[in-house]
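[1] what's the 3D shape of this:
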Amino acid sequence: MNLATRMARVAPSPTLKVAAEADRLRRAGVDVVDFGAGEPDFPTPANVIAAAHRAIDAGYTKYTPSAGAADVREAVCHRSLEDYGVSFTPAEVIVSAGAKQALYNTAVVLFDEGDEVITHSPFWPTIVDQVLLCGATPVLARGLRERGFVVEADEILQHVTPRTKAIILNTPCNPTGAVMRDDTVAAIADHCAQTGVWVIVDLTYDKLIYEPVAHNVVKVLTDRHRDRTVICSSASKAYAMTGWRAGWATGPKDFITACNTVQGHATSNVSSITQKALVEALTGPQDAVTAMLDEYRSRRDQTLTWLTADARVECLTPGGAFYLFPYIAELLGPSGVRTSAEFADALLQEARVALTAGEGFDAPGFVRISYATSLDRLREGVTRIQEFVHARARGSAAPVR
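    Numbering: from 1, shown residues only. Down below sits the predicted model:
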């Protein structure tokens, strides 16, 4: 097939691939414990759903401005002021189909052939693949397992060259849960303000930070480097609104205008119903966010205890997001499953547990486990993993469920 050459640069999303295979098995009647999905198992808060119903009942079903209706962009400004103490105007906001589209708009607007874009590894694959789709070159600053993959400023800044167009930060990080310190972000911002390098932040998991640490990336960056800072975020995780496709970007007015041009030729506006739901999510009560965070913390701690009962599984406690990222090298070997990718494939086919191999995140030897599911399913999934590992150690395949 005569496809565009850019398609040879990228691969399908590994997380979506796992989700598709798990869904295929479920539709065939197989009981799959799904640790692969980056999706809250909580329902969307009732007040948000009610706002969507009101919008439908009021006939709010027409096109809106491509960048989003005025009230939803004002709601993003409201939330930013409440959470970060930073004032934006609606002209500095675009509402998009999740943070993924906000990041893609950003890549298309900023990156050219020959540009270099620095990000940190392990990474969410979409970040790197969007850079590649635009013809730019991703440059990786590798976080260290011994430090929980928390990258330092110098580990990123040492890669800056005259060809560096932007630095993309993801905090808390998917897949590691690592949370960047404000002083690290400040050092990066100060350097970029001197060199004209853009700073782009994926802040999707910002509401899911478990300990009371200083984490105000938005203010740190806008105080130091506002004219070349882009913040991309989403309602998907914080408000359990994955299917609604509600995200946004804030940045300089001219940059947002350019993003609106790209979005106007791609999708135009986010669903009008979603926009009304997002207004309620951002301006209404935030109790559901806190309740979900507390439950995730409990799940994180319990699952970590169960999983590391096997001393061969090494796993640090993540500071944010809702993933564990265990190192399973001691479970691999030339006589059995040799890689974490093979481990994940065999685990799904034999034990019916879906998780994502570290290879998709530039981290062979690791797997990503989402604990965005009930404690009962987490207990069942970990039990199946341990049974699978013990069967393999005996030289036999685990019984297919």
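
[2] What residues of the helix or strand containing residue 261 count as buried?
    Per DSSP states H and E: residue 261 is located in helix 253-266. Buried residues in helix 253-266, counting neighbours by 16 or more other CB atoms under 10 Å, are found at 255-256, 258-260, 262-263. From N, CA and C alone the C-beta is placed, and that goes for glycine too.

[3] Reformat those into JSON lines and put distance to residue 183 and pLDDT next to each item.
    Shown next, in JSON lines, are the buried residues of helix 253-266 (distance: CB to CB, whole Å; pLDDT from 0 to 100):
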{"residue": "255", "distance to residue 183": "26", "pLDDT": "98"}
{"residue": "256", "distance to residue 183": "28", "pLDDT": "98"}
{"residue": "258", "distance to residue 183": "31", "pLDDT": "98"}
{"residue": "259", "distance to residue 183": "30", "pLDDT": "98"}
{"residue": "260", "distance to residue 183": "34", "pLDDT": "98"}
{"residue": "262", "distance to residue 183": "34", "pLDDT": "97"}
{"residue": "263", "distance to residue 183": "34", "pLDDT": "98"}
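
[4] Looking at the residues you listed, which is nearest residue 91?
    residue 256 (6.6 Å; CB to CB).

[5] Quick check, that closest one in contact with residue 66.
    No. Counting by CB atoms under 8 Å, residue 66 is not a contact partner of residue 256; they are 11.1 Å apart.

[6] The closest residue to residue 129 other than its chain neighbours: neighbour count?
    Distances taken as CB to CB, 6 or more residues apart in numbering place residue 10 nearest to residue 129, at 4.3 Å, with adjacent residues excluded. As a burial measure, residue 10 scores 15 neighbours (other CB atoms under 10 Å).

[7] rewinding a little: and the helix or strand following the helix holding residue 261, C-alpha only, in PDB?
    Helices and strands here follow DSSP H and E; after helix 253-266, the next one along the chain is helix 272-283. Extracted C-alpha coordinates of helix 272-283, given in PDB (Å, rounded to 0.1, in the frame of the first residue of the first chain):
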ATOM      1  CA  SER A 272     -21.000  20.700  22.500                       C
ATOM      2  CA  ILE A 273     -22.400  18.400  25.200                       C
ATOM      3  CA  THR A 274     -18.900  17.500  26.400                       C
ATOM      4  CA  GLN A 275     -18.100  21.200  26.700                       C
ATOM      5  CA  LYS A 276     -21.100  21.800  29.100                       C
ATOM      6  CA  ALA A 277     -20.100  18.800  31.100                       C
ATOM      7  CA  LEU A 278     -16.500  20.100  31.300                       C
ATOM      8  CA  VAL A 279     -17.700  23.500  32.600                       C
ATOM      9  CA  GLU A 280     -19.400  21.700  35.500                       C
ATOM     10  CA  ALA A 281     -16.400  19.500  36.200                       C
ATOM     11  CA  LEU A 282     -14.000  22.500  36.300                       C
ATOM     12  CA  THR A 283     -16.300  25.000  38.200                       C
END
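
[8] packing partners for helix 272-283?
    Counting contacts by 3 or more CB pairs under 8 Å, 6 or more residues apart in numbering; DSSP states H and E, helix 272-283 packs against helix 46-57, helix 70-84.

[9] What is the burial count for residue 327?
    Neighbours of residue 327 under the rule other CB under 10 Å: 18.

[10] Identify the bridge partners of it.
    Beta-bridge pairing for residue 327 (DSSP bridges): residue 314, residue 366.

[11] Which helix or strand in the protein has the lowest average pLDDT?
    The helix or strand of the chain with the lowest confidence, counting by mean pLDDT, DSSP states H and E, is helix 14-27 at a mean of 79.

[12] Show me what it is in contact with.
    32, 34, 36-38, 125, 344, 348, 352, 354-357, 359-361 (CB atoms under 8 Å, 6 or more residues apart in numbering).

[13] Just flag the most distant two among these.
    Farthest pair in the contacts of helix 14-27, by CB to CB: 125 and 352, 24.4 Å.

[14] Got the domain ranges for the protein?
    Using automatic domain parsing, the domain ranges for the chain come out as 5-43+288-392, 46-283.

[15] Dump the helices and strands packed on helix 272-283 into CSV; add mean pLDDT as well.
    Below are the helices and strands packed on helix 272-283 laid out as CSV (pLDDT from 0 to 100):
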stretch, mean pLDDT
helix 46-57, 98
helix 70-84, 98
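
[16] just checking, residue 38 touches residue 370?
    Yes. With contact defined as CB under 8 Å, residue 38 reaches residue 370; the gap is 6.0 Å.

[17] More neighbours: the two, which one.
    residue 370 (28 against 22).

[18] Roughly how far does the more buried one sit from residue 14?
    Going from residue 370 to residue 14 by CB to CB, to the nearest Å gives 13 Å.

[19] Would you mind finding the most buried of the domains of the chain?
    Of those, the one with the most neighbours on average (mean count of other CB atoms under 10 Å) is domain 46-283, at a mean of 20.

[20] Now do that domain: distance to the chain's middle.
    Distance, stretch centre to chain centre, for domain 46-283: 10 Å (CA atoms, centre = their mean, to the nearest Å).

[21] for the helices and strands packed on helix 272-283, which one sits closest to residue 94?
    Closest of the helices and strands packed on helix 272-283 to residue 94 is helix 70-84, at 7.8 Å (criterion: CB to CB).
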